[in-house]
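*Asks:* Build the 3D model from these lines:
(2 chains)
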Amino acid sequence: GAVVSQHPSWVICKSGTSVKIECRSLDFQATTMFWYRQFPKQSLMLMATSNEGSKATYEQGVEKDKFLINHASLTLSTLTVTSAHPEDSSFYICSASTAGEHTEAFFGQGTRLTVV
Amino acid sequence: AQTVTQSQPEMSVQEAETVTLSCTYDTSESNYYLFWYKQPPSRQMILVIRQEAYKQQNATENRFSVNFQKAAKSFSLKISDSQLGDTAMYFCAFRPYNTDKLIFGTGTRLQVFP
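*Replies:* Numbering: from 1, shown residues only, chains lettered A, B, ... in the order given. Modelled structure (predicted):
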């Protein structure tokens, strides 16, 4: 299957700083990428849908100015958590979809963010 | 709005036995996809099996099979000959036909013990 690489796997940052997480599709072009947040022992919560060359679509309740998403190419989407606070600590997962009728989502390894 | 419900927060099964995980969903769509994903302790999401709603035949993948009941909006996962490596969180997911957006259930934590 297709490979999605997410980097970094884990990051610790200080309150008030910004953190960028990258999501790359390694062997296919992803027209759409998704960013999820997962709290401990809970399900994946969709944060936003990222389309190449256009603005991301955020789910209700997600602050777009805090979680900046850029999808500059068909193989790279980035999520920047701006002015991070301890409550932003979580596990963030991206997925990328291939184009076509029978699209399938491929997931990155996830990023554990800890804000201290 | 579409919703996915997994009513079993935790399940356990003995190695080599069979276990069934439940999933129900709600939608007014007629065409859609259903998935089961596995999330082991590594937290990497792994696709276990997928079902297209227009197909009446239940999908199977080796030891994994589904019981898809479209009228009842039910999509259960059966794991046969359970193995220790099957220990993980299992998420049921729904995807409308005309979008790439996945809607996940709350998950079932499966523990396989020797």
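*Asks:* Find the closest residue to chain A in chain B.
*Replies:* Closest residue of chain B to chain A, CB to the nearest CB: B:M45 (3.8 Å). All C-beta atoms are positioned from the backbone trio N, CA, C, and that covers glycine.
*Asks:* Please name the residues that touch the most centrally placed residue in chain B.
*Replies:* What sits nearest the mean C-alpha location of chain B, by CA atoms, centre = their mean, is B:W36, with 3.2 Å. Neighbouring residues of B:W36 by CB atoms under 8 Å, 6 or more residues apart in numbering or on different chains: B:21, B:23, B:47-50, B:64, B:66, B:75, B:77, B:90-93.
*Asks:* who does it bridge with?
*Replies:* Taking DSSP bridges as the rule, B:W36 bridges to B:I49, B:C92.
*Asks:* Residues of chain A that sit close to chain B?
*Replies:* Chain A comes close to chain B at residues A:1, A:32, A:34, A:38, A:41-44, A:46, A:49, A:91, A:93, A:95, A:97, A:103-105, A:107, A:109-110, as judged by CB under 8 Å from any CB of the partner chain.
*Asks:* possible to save the contacts of B:W36 as CSV with neighbour count and pLDDT?
*Replies:* Listed next are those as CSV, based on neighbours: other CB atoms under 10 Å in any protein chain shown; pLDDT from 0 to 100:
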residue, neighbour count, pLDDT
B:L21, 22, 98
B:C23, 27, 98
B:L47, 16, 93
B:V48, 21, 96
B:I49, 20, 96
B:R50, 17, 94
B:F64, 16, 98
B:V66, 25, 98
B:F75, 28, 98
B:L77, 25, 98
B:Y90, 23, 98
B:F91, 24, 97
B:C92, 28, 97
B:A93, 24, 96
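*Asks:* Closest one to B:R109 out of those, please.
*Replies:* In terms of CB to CB, no member of the contacts of B:W36 lies closer to B:R109 than B:Y90, at 7.9 Å.
*Asks:* any idea how far B:C92 is from the spatially closest residue to that closest one that is not a sequence neighbour?
*Replies:* Counting by CB to CB, 6 or more residues apart in numbering or on different chains, B:T108 is the residue found nearest to B:Y90 once chain neighbours are left out, at 5.0 Å. Distance, B:T108 to B:C92, by CB to CB, to the nearest Å: 8 Å.
*Asks:* Spit out the residues that contact those two alike.
*Replies:* Counting by CB under 8 Å, 6+ apart, the shared contacts of B:T108 and B:C92 are B:Q6, B:L21.
*Asks:* got the residues of chain B near chain A?
*Replies:* Within chain B, the positions near chain A by CB under 8 Å from any CB are B:42-47, B:50, B:91, B:100-107, B:109.
*Asks:* just the buried members of those?
*Replies:* If you count burial by 16 or more other CB atoms under 10 Å in any protein chain shown, the buried members of the residues of chain B next to chain A come out as B:43, B:45, B:47, B:50, B:91, B:100-107.
*Asks:* From those, which one has the minimum pLDDT?
*Replies:* Least confident by pLDDT among those: that is B:D100, with 82.
*Asks:* mind checking the SS state of that residue?
*Replies:* Recorded secondary structure, B:D100: coil (DSSP: H, G, I helix; E, B strand; the rest coil).
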